[in-house]
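Engineer: Give the three-dimensional model of this entry:
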Amino acid sequence: MALIVNTFKANLNPVEFTLPFVDYPSWEESTTAKGQNYPGQITCRYALKEQSQGTGPDKARMVFLGYDPPSDLPKGIFDVSLQWRIGALLIEIALEEHFRQRGFRIERTRFQVFALRPVTDSGSSAVELATGISFDAKHPFKDEPNDFAVTFNWEVRAQFRASLAEKTMAQAAIGMPVLYRPRGQATGKLAPFENRYLGKVRDIDRGYAVVICRDDSAPQKVPLADLRLEATPAVIKQFEQSSQSRLGPSPILRRIQQLKHSYTAENRRNVNAFRDRLEEIRSVLGVAGTSANQIVLPLATSQEGSVSISTQPSEAAMGGLW
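Structural biologist: Next comes the predicted model:
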């Protein structure tokens, strides 16, 4: 018996890349250099083990993958079958550029990339919705060194339109979880939380919110304009009840469930949710309703190349006990 999964095969051409790199005595020094000397550069870092460097602590290598890398660095040949993380990042960067050119909003986290575009009929003046996909490239099988795979997920994103600088939002914020969305470049201790969950609001004080951060550090005083309520179903429901005096089923939550294909337009549970989400993914890839079996994208790096991605989901064989 075969099980369809939301993973699509991918291959790079070529499999060897000539890319600039720089080595550092430690991982910590490479982290400092990344932030101070190469902000905005797309890089892949990995540890150089002692056995390949002789005695002493592990060193760190930073490889530059973007269009316009520094020109004053040495270059090396990197085989993606040996350095698979470089290959995975090259695939993700190519997809990022592909969706950016098509008008999607791109967000990158440590674990995946999001490509989103707004939904015009969200059904709420306070909450805006966006749909799209998240993806991350993997190297699933050690005995197939040149084969990669991309996992796609259908995404529905809700976020409050206004920051806590708006009086109504600030009044609802006490005790609520918030996202850190700075108006400018995030710096200092809060930089790792940019566009992410920061913590819960303890108090509002003269244009600032006192936030109990999720990393258990000291409470942070953050400008109200840099914070938004986290649009979870519980927060949306509570916001509607407190600020809009809305009782009963929430139309925005119903709309979210329909966009996720958890429920049908008739508000019935969708028994074909996984199939419908796969079709949405194929639609975002631009192949819904066609017989195309792959898409080929140019690499968004200083070396010419391409990535081919299957448009047919993979199948996993299930064991005999099923």
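Engineer: Report the next helix or strand after the lowest-mean-pLDDT helix or strand in the chain in sequence order.
Structural biologist: When the helices and strands of the chain are compared on mean pLDDT, DSSP states H and E, helix 50-53 comes out lowest with a mean of 50. Moving toward the C-terminus from helix 50-53, the next helix or strand (DSSP states H and E) is strand 59-64.
Engineer: can you give me the mean pLDDT across that following strand?
Structural biologist: What strand 59-64 shows for mean pLDDT is 92.
Engineer: what helices or strands is it leaning on?
Structural biologist: strand 16-24, helix 27-36, strand 43-48 (3 or more CB pairs under 8 Å, 6 or more residues apart in numbering; DSSP states H and E). For glycine as for every other residue, the C-beta is placed from the backbone atoms N, C-alpha and C.
Engineer: in the following helix or strand past that strand, what counts as buried?
Structural biologist: Next along the chain after strand 59-64, taking DSSP H and E as the criterion, comes strand 75-79. Neighbour counts over strand 75-79 (16 or more other CB atoms under 10 Å) mark F78 as buried.
Engineer: about what we covered before: so which of the helices and strands packed on strand 59-64 is nearest A170?
Structural biologist: Ranking the helices and strands packed on strand 59-64 by proximity to A170 (CB to CB) places helix 27-36 first, at 32.3 Å.
Engineer: what does that closest one contact?
Structural biologist: 22, 24, 41, 43, 45, 47, 58, 60-62 (CB atoms under 8 Å, 6 or more residues apart in numbering).
Engineer: ok and it relative to strand 43-48, angle-wise?
Structural biologist: With axes from the mean of the first three to the mean of the last three CA atoms, to 10 degrees as the basis, helix 27-36 and strand 43-48 are set at 170 degrees to each other.
Engineer: Please tell me I have it right and R196 contacts R181.
Structural biologist: No: if you go by CB atoms under 8 Å, R196 and R181 don't touch, sitting 9.1 Å apart.
Engineer: The stretch 151-300 of the chain: helices as residue ranges?
Structural biologist: Remark: helices assigned in the stretch 151-300 of the chain by DSSP state H, counting those that start in this stretch are 167-171, 233-243, 251-259, 273-284.
Engineer: Out of these, the one nearest A209 is which?
Structural biologist: Taking the helices of the stretch 151-300 of the chain one by one with CB to CB, helix 167-171 is closest: 7.7 Å.
Engineer: residues of that closest one that come out buried?
Structural biologist: The neighbour-count check on helix 167-171 (16+ other CB under 10 Å) flags 169-170 as buried.
Engineer: now stretch 274-289
Structural biologist: 276-278, 280-282, 284-285, 287.
Engineer: cool, stretch 28-43 as well?
Structural biologist: Buried residues in stretch 28-43 (16+ other CB under 10 Å): 30, 34, 38, 42-43.
Engineer: Need the residues you listed in JSON lines (columns: pLDDT and distance to F104).
Structural biologist: Shown next, in JSON lines, are the buried residues of stretch 28-43 (pLDDT from 0 to 100; distance: CB to CB, whole Å):
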{"residue": "S30", "pLDDT": "92", "distance to F104": "31"}
{"residue": "K34", "pLDDT": "89", "distance to F104": "26"}
{"residue": "Y38", "pLDDT": "90", "distance to F104": "26"}
{"residue": "I42", "pLDDT": "88", "distance to F104": "18"}
{"residue": "T43", "pLDDT": "92", "distance to F104": "23"}
